[in-house]
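Asks: Could you work out the structure for the sequence below:
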Amino acid sequence: MPSSPKLKSLYLMKIMLEKTDAQNPLTVAEIISELNIYGISAERKAIYNDLDILREFGIEIETIKSKTVGYYVASRQFDLTELKLLVDAVQSSRFITLKKSQELIQKLSSLTSTALAKQLKRQIYVSGRAKSSNESALYNVDAIYAAINDGKKISFKYFDYDLRKNRVFRKNGSEYKATPIAMTWSDDKYYLIALCDEHREIRHYRVDRMYTVTELDDVADVTEPLDMAKYNKRVFGMYNGELVCADLCFDNSLVNIVLDQFGSDIFMIASEGGYFNIKTDISISPVFLGWMFQLGRKAHINGPEKLITAMQKLIDENLENYRL
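Replies: Now for the predicted structure:
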């Protein structure tokens with residue numbers, strides 16, 4: 001059935017956005033042919049007028065002249081380089097499931113011409129990177145942010161996986177109840193930082209391990225504002241632990257690594273023998289101790305004593321696993 005002539009400008013916009021770019025302009029004759037596919041007939045003069053209407057609407061349509069005159073959309077909300085970056089981010093994220101990644105990339109591809117969209121069909125391989133299998137994870141994020149904005153508590157179930165890769169719910173499937181404080185991104189995973197009703201303390205929950213996140217009518221508890229920049233620096237791997245002021249020493253060759261971990265505002269004091277020292281708040285956790293341990297002799301803990309003792313205990317416990 002032929003489409004209404006009143007829709008001509010809309011279909012013309014669709015054709016120009018989908019079919020054209022600087023390398024793939026359309027002549028007026030080709031535009032008329034494309035409109036015919038939608039059951040719309042048009043005269044050459046009318047096409048010129050409709051292109052001017054699209055320009056007035058804000059679509060940047062340029063003209064290119066060679067043997068023929070062609071028209072194309074010159075500027076879009078995202079250029080191809082930006083779309084490639086977004087596609088790479090979606091593909092390499094372990095938080096986003098394979099199915100959702102494909103859906104998002106398809107939507108990103110619609111933001112450029114069909115010809116250029118072919119360049120977005122790229123595959124990023126990240127060593128050891130596994131995709132999430134929790135399809136509801138993205139919707140969990142949306143529900144959590146809605147509760148934060150509304151000043152409400154949330155309830156949810158929390159699970160782990162067993163050896164058969166089946167979900168095993170903690171607390172025998174009972175719901176958790178908490179005041180959501182903030183969301184953070186750590187080691188390619190989303191975490192909820194929340195005040196747990198049961199324990200009355202700040203806890204972290206992996207969003208992709210949360211199930212049936214529901215905003216409650218209960219008003220959120222009043223909590224102290226979190227400086228997320230400082231908070232993320234002191235909490236390694238989102239492990240909570242006793243907070244201490246750590247005195248750490250590093251070889252000068254580790255400056256880049258220290259800056260990557262603690263940020264460019266960390267104060268570094270030069271020391272003897274090609275070393276430097278930093279002092280920073282750290283939560284005592286196996287993740288932090290493991291990070292220090294992997295740096296070998298080029299890094300060591302000067303204090304406090306309880307942090308040194310925790311490292312000694314971790315080393316002794318691991319030695320037991322390898323004694324012959």
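Asks: Report all helices and strands that the strand or helix carrying Ile315 contacts.
Replies: In this assignment (DSSP states H and E), Ile315 forms part of helix 305-320. Packing partners of helix 305-320 (3 or more C-beta pairs under 8 Å, 6 or more residues apart in numbering; DSSP states H and E): strand 243-251, helix 286-294, strand 299-303. Glycine gets a C-beta too; all of them are placed from N, C-alpha and C.
Asks: Make a markdown table out of these and add distance to Lys118, mean neighbour count and mean pLDDT.
Replies: Putting the helices and strands packed on helix 305-320 into a markdown table (distance: least, C-beta to C-beta, whole Å; neighbours: other C-beta atoms under 10 Å; pLDDT from 0 to 100) gives the following:
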| stretch | distance to Lys118 | mean neighbour count | mean pLDDT |
| --- | --- | --- | --- |
| strand 243-251 | 47 | 17 | 94 |
| helix 286-294 | 42 | 16 | 91 |
| strand 299-303 | 47 | 16 | 95 |
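Asks: want to throw the ones you listed into JSON lines with distance to His204?
Replies: Below are the helices and strands packed on helix 305-320 laid out as JSON lines (distance: least, C-beta to C-beta, whole Å):
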{"stretch": "strand 243-251", "distance to His204": "14"}
{"stretch": "helix 286-294", "distance to His204": "12"}
{"stretch": "strand 299-303", "distance to His204": "24"}
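Asks: Glu43: which of those is closest?
Replies: Proximity to Glu43, assessed across those by C-beta to C-beta, is greatest for helix 286-294 (69.6 Å).
Asks: Can you give the contact residues for that closest one?
Replies: Helix 286-294 is contacted from outside by 236-237, 239, 241, 248, 261, 282, 299-301, 310-311, 314-315, using C-beta atoms under 8 Å, 6 or more residues apart in numbering.
Asks: how close does Pro68 sit to Pro25?
Replies: For the record, residue 68 is Thr, not Pro. In this view, Thr68 and Pro25 are 9 Å apart by C-beta to C-beta, to the nearest Å.
Asks: higher neighbour count, these two?
Replies: Comparing Thr68 with Pro25 by other C-beta atoms under 10 Å, the one with more neighbours is Pro25, at 23 against 12.
Asks: residue boundaries of the helices in the stretch 1-150 of the chain?
Replies: Secondary structure of the stretch 1-150 of the chain (DSSP state H, counting those that start in this stretch): helices located at 8-19, 28-37, 44-57, 80-92, 98-109, 114-117, 137-150.
Asks: Listing request: residues of the stretch 201-324 of the chain with sub-threshold pLDDT.
Replies: Scanning the stretch 201-324 of the chain for pLDDT under 70 picks out the ranges 237-238.
Asks: Would you map out the domains in the chain?
Replies: For the chain, automatic domain parsing gives the domain ranges 6-73, 80-120, 137-219, 228-320.
Asks: Ends of the last one, what's the gap?
Replies: I take that to be domain 228-320. 38 Å (C-alpha to C-alpha, to the nearest Å).
Asks: ok, now stretch 260-269?
Replies: 17 Å.
Asks: end-to-end on stretch 157-169?
Replies: 7 Å.
Asks: List the buried residues in it.
Replies: Lys157, Tyr158, Phe159 (16 or more other C-beta atoms under 10 Å).
Asks: Give me the average confidence score over that stretch.
Replies: The average of the pLDDT scores along stretch 157-169 is 88.
Asks: How far away from the center of its chain is that stretch?
Replies: For stretch 157-169, the gap between its own C-alpha mean and the chain's C-alpha mean amounts to 24 Å (C-alpha atoms, centre = their mean, to the nearest Å).
Asks: now swap in stretch 222-236 and tell me
Replies: Counting by C-alpha atoms, centre = their mean, stretch 222-236 comes out at 19 Å from the chain centroid.
Asks: Out of the helices and strands packed on helix 305-320, which gets nearest to Ile47?
Replies: Going by C-beta to C-beta, the one of these nearest Ile47 is helix 286-294, 63.0 Å.
Asks: and the angle for that closest one with strand 299-303?
Replies: Between helix 286-294 and strand 299-303, the angle comes out at 120 degrees (axes from the mean of the first three to the mean of the last three C-alpha atoms, to 10 degrees).
Asks: Brilliant, that's me finished.
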